[in-house]
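# With the input below, show me the fold.
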Amino acid sequence: MQLEVIEIDVAIAAQFVQLVLNCINQEYPHNNIFWFESDEDIKPPRELTPAFYGCLDWHSALHGHWLLARLARYFPDAEFQPTAREALTQTLTPEKIQGEINHFNRCPFFECPYGFSWLLQLATELHEWNDA
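Numbers count the residues shown, from 1 in each chain. Got it, this is the predicted structure:
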């Protein structure tokens with residue numbers, strides 16, 4: 001069986017970017033499934049996972065960040081570049097990533113394995129994107 005390759009043009013890419021931008025900082029509604037170990041675990045999503053809390057749940061926030069990075073990398077001259085870059089810059093700060101690490105230290109199997117795979121996809125995309 002041969003798979004058909006579908007190319008995404010810049011207009012469709014811009015629509016995907018807008019979908020992500022519409023939810024990347026939208027905290028509610030939110031779905032968060034994990035064990036509560038203490039009162040420390042009962043906080044608003046933006047405090048528990050400060051980089052990846054929008055778009056309904058943690059792994060969907062990761063999907064969105066991956067999509068922004070991927071489309072920004074593949075469409076370097078697109079009009080959505082500044083907005084996508086700004087969203088990534090606002091989210092992927094050292095402080096917010098430290099908040100994510102703190103959450104993993106408290107809940108090491110949070111969103112495992114599905115969310116982990118999207119975290120690795122995002123890390124790979126950012127690593128392959130030769131851009132500061």
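# May I ask you to confirm that residue 97 is in contact with residue 65?
No. In this structure, residue 97 is not within contact of residue 65 by Cβ atoms under 8 Å, at 11.4 Å. C-betas here are computed from N, CA, C, even on glycine.
# ok, the two, which is more surrounded?
A count of neighbours by other Cβ atoms under 10 Å puts residue 65 above the other of residue 97 and residue 65, at 26 against 14.
# before we move on, which element is the closest residue to the more buried one other than its chain neighbours in?
Nearest in space to residue 65, with sequence neighbours left out and distances taken as Cβ to Cβ, 6 or more residues apart in numbering, is residue 122 at 5.4 Å. When elements are assigned from DSSP states H and E, residue 122 belongs to helix 114-128.
# I'd like to know which elements that helix is packed against.
helix 58-74 (3 or more Cβ pairs under 8 Å, 6 or more residues apart in numbering; DSSP states H and E).
# and the helix it packs on, which residues are buried?
58-72 (16 or more other Cβ atoms under 10 Å).
# Please apply the same query to stretch 84-98.
84, 87-88, 91-92, 96.
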